[in-house]
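Novice: the following block contains a protein sequence and its predicted model.
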Amino acid sequence: MFARSVWSNVVVGCLMVVFVLAGGSKSAAAQNCLGVVPSNLVMNFGKWAVGNTTFTRDVTITNNCSASMQVSSFSFGPSQFKLLGGWAPITLGQGGNMLFEVRFSPDAAQTYNGTFTVNVDGYPPVVVAMTGTGFAPGAVASWSSSSLTFSNVPLGTTSAPQNIVLTNTGTKNLTVQKVYTNPPFTVSGFTANQVLAPNASLTMPVTYAPSFVGPSTGALVVLTNNLPPTGVTFYGTGVAPSSLAVTNFPILPISTQGAAYLATFLSTNGIGTVNWNLASGSSLPTGLSLSSAGSITGTVASTVALGNYPFSVTATDSSSNTVTAQFTLPVSAPTGANCNNIEWDVTGTTTPMVALTDLGTGTYLGAEGGLYLNGSNVMPASHDADGVSFAQSIQPLDANGNPSPTGKYAFLSLGMSVTFDTFLEFIQDSTADPSVNKSLVFAQGAQPRLGAGDWTEITGPAWVDTLNYFLPQAGVTPQQVVAAWVESVDANPHGTFPSDMTTLQAEYETTAQVLHTLFPNLKMAFFSGREYAAYENGLSHAGDKEPYAYESSFAVRGMIQDQLNGIAAMNYNPANGPVMAPWVAWGPYLWTDGLLARGDGQFWPCHDFKSDGQHPSTIAGGSERNANMLLNFMKTNDATAPWFLAH
């Protein structure tokens, strides 16, 4: 999740070196204590299209040998250089560091020069020169349709493909760098870094393979070399099949070389017991086998080549009804996360933890399951009605918070490094999705290294950066913030359940009160517990291992329940006394037990995590898994859809 002495993101293009500052009051030996990256004191962002999102550069200050070092302040400009993370003041112990992450966002076709200055007590200012050039993109992305709809597709089948066409209607080349969507949708027909000349087109077939009855929503996201994210909205409806059907998505969870694996096949409309076999001529990667109960288990041999392994399974019920379905099992390389202890990272077979959404009236260490009391996952009707009423009242606001048809409103993230990574992916996906309301602005408040306790300090660095940098950079004021998403826990937690969750719950409630104080028009806040974290169990670094990550959702539930119970400190209704907090509710529930899929099919493969086993990877797709859950929640929840979606 985060650690106070280690920044979660990779420093781009730099090595940690010691920069010796001349002059000042320190001795030569003491001067060597201050480490600076970049060592040449220059950040060159290169050339980027106007309006495009660029990669980041970092300024890192490290205390290499002092007992303590005070980073007192920082400043930078012009406004085309934007802060993503880092704060001051902060005291660095020996070996500690502060990383300031900067993004270049040109708004005109010209070269921009600026400086990033960090002041460290007892040392001359560290001044890093910044330069970057914006250019007119020239290319224009035009779609054949803004959406695709797949109606009444039976479970266990894949729809006929529908084509979506991207055409470059501009005057310069357009390079399609990445195209992606998420289950139950699949897109094909492209290659990485495919160049579209002016008037050239790219046709991409899209299919839909539902795993549950009812509506689904999704989005196609296209990333290019010189345009903001662009895409298409998907809608699908799954219906019950007329006969025995296998309901898994055709691409199974990703496996890892040398790692334990688990995938369980699911069926519907079967009579009696369903037995499973590999179809004739099919085989699994070495080390894996399929049981008659439908579970693929074992350890993928380290010698298995990377790639996608197609195979077919046959399901047979007690009345000899059969169906054969085709699947693909991807095999990935190890990431460094702990993928090899099945007790930790697949099922927790000794003391299994069950997702709150599946636990129901069952208990975990005496605590009942469900997102709400009595094992229920359904919000009480009166609370839901209040949320819907608040949602329907949200409208564009001017900078002073007054209703304005030309105004906007903001959705703010709060939390830690995984929240930071997820929300960046979420912004990318939401920007590309044409169904999202264009009056809505996304403000990234979450930062690596900030724990739940940091958000309780109204004058602390979390809020200083949010108010002084992140909101202005997003082009909004505190008066325009109407909703927030919070995912935050404490670093290196101590204590045992449930006392540790009592502390975390109190921090959540204080955070809700701070939100109400700082943002006068904020109406609602959505909280999520931690995603799965057992792939870091057994690794040497500290962090929020299981079962703490699982237990964090009990703190979210306790906070929401306090509001439902009418606790004065969480009151949002002026008819019941002074308003102390916004209306609060569950955001997406992110946890499930590794590869042991929960009831709605969510799972967490080891491949989705960075080498530390706790941060979902921005490269392998873990952050995108979180972002997709958040996006789908925002598009379908009755307290978010009225203001999140275009009308």
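Specialist: Received, thanks.

Novice: tell me how many other residues surround residue 511.
Specialist: For residue 511, the neighbour count with other CB atoms under 10 Å is 28. Placement of C-beta: from N, CA and C, glycine included.

Novice: dihedrals phi and psi, it?
Specialist: Backbone torsions of residue 511, given as degrees, to the nearest 10, read phi -60, psi -40.

Novice: now residue 607
Specialist: When quoted as degrees, to the nearest 10, the phi and psi of residue 607 stand at phi -60, psi -20.

Novice: tell me the pLDDT of it.
Specialist: For residue 607, the model assigns a pLDDT of 88.

Novice: list the contacts of it.
Specialist: 254-256, 332, 335, 617, 620-621 (CB atoms under 8 Å, 6 or more residues apart in numbering).

Novice: tell me which two of those residues sit farthest apart.
Specialist: The widest separation within these, taken as CB to CB, falls between 255 and 617 and amounts to 15.5 Å.

Novice: between these two, tell me which one has more neighbours.
Specialist: residue 255 (30 against 18).

Novice: quick one: that one and residue 621, what's the gap?
Specialist: The gap separating residue 255 from residue 621 is 14 Å, by CB to CB, to the nearest Å.

Novice: could you do residue 639 as well?
Specialist: Computed as CB to CB, the residue 639 to residue 621 distance reads 28 Å.

Novice: so which of the two has more stuff around it?
Specialist: Taking other CB under 10 Å, residue 639 and residue 621 do not tie; residue 639 has more neighbours (25 against 19).

Novice: pLDDT below threshold where in the protein?
Specialist: By pLDDT under 70, the low-scoring segments of the chain are 1-31, 341-351, 542.

Novice: please parse it into its domains.
Specialist: The record's domain parsing of the chain by automatic domain parsing lists 28-134, 141-239, 261-334, 390-548+562-644.

Novice: I'd like to know which of the ones you listed is closest to residue 384.
Specialist: Using CB to CB, the domains of the chain put domain 390-548+562-644 closest to residue 384, at 6.8 Å.

Novice: most tightly packed of the domains of the chain?
Specialist: domain 390-548+562-644 (a mean of 20; mean count of other CB atoms under 10 Å).

Novice: distance between that one and the chain's centre?
Specialist: In terms of CA atoms, centre = their mean, to the nearest Å, the centre of domain 390-548+562-644 is found 10 Å from the chain centre.

Novice: and what of stretch 387-397?
Specialist: Stretch 387-397 sits 25 Å away from the centroid of its parent chain (CA atoms, centre = their mean).

Novice: can you give the contact residues for that stretch?
Specialist: For stretch 387-397, contacts defined as CB under 8 Å, 6+ apart pick out 379, 403-409, 439, 479-480, 482-483, 521, 523-524, 583, 585, 638-643.

Novice: tell me what residue 297 is bridged to.
Specialist: Beta bridges link residue 297 to residue 262, residue 289, judged by DSSP bridges.

Novice: surely it touches residue 264?
Specialist: No - the pair residue 297 / residue 264 is not scored as a contact, 9.2 Å apart, by CB atoms under 8 Å.

Novice: for residue 102, see how far away the most centrally placed residue in the chain is.
Specialist: Central residue of the chain (CA atoms, centre = their mean): residue 422, 2.0 Å from the mean position. Using CB to CB, residue 422 is found at 20 Å from residue 102.
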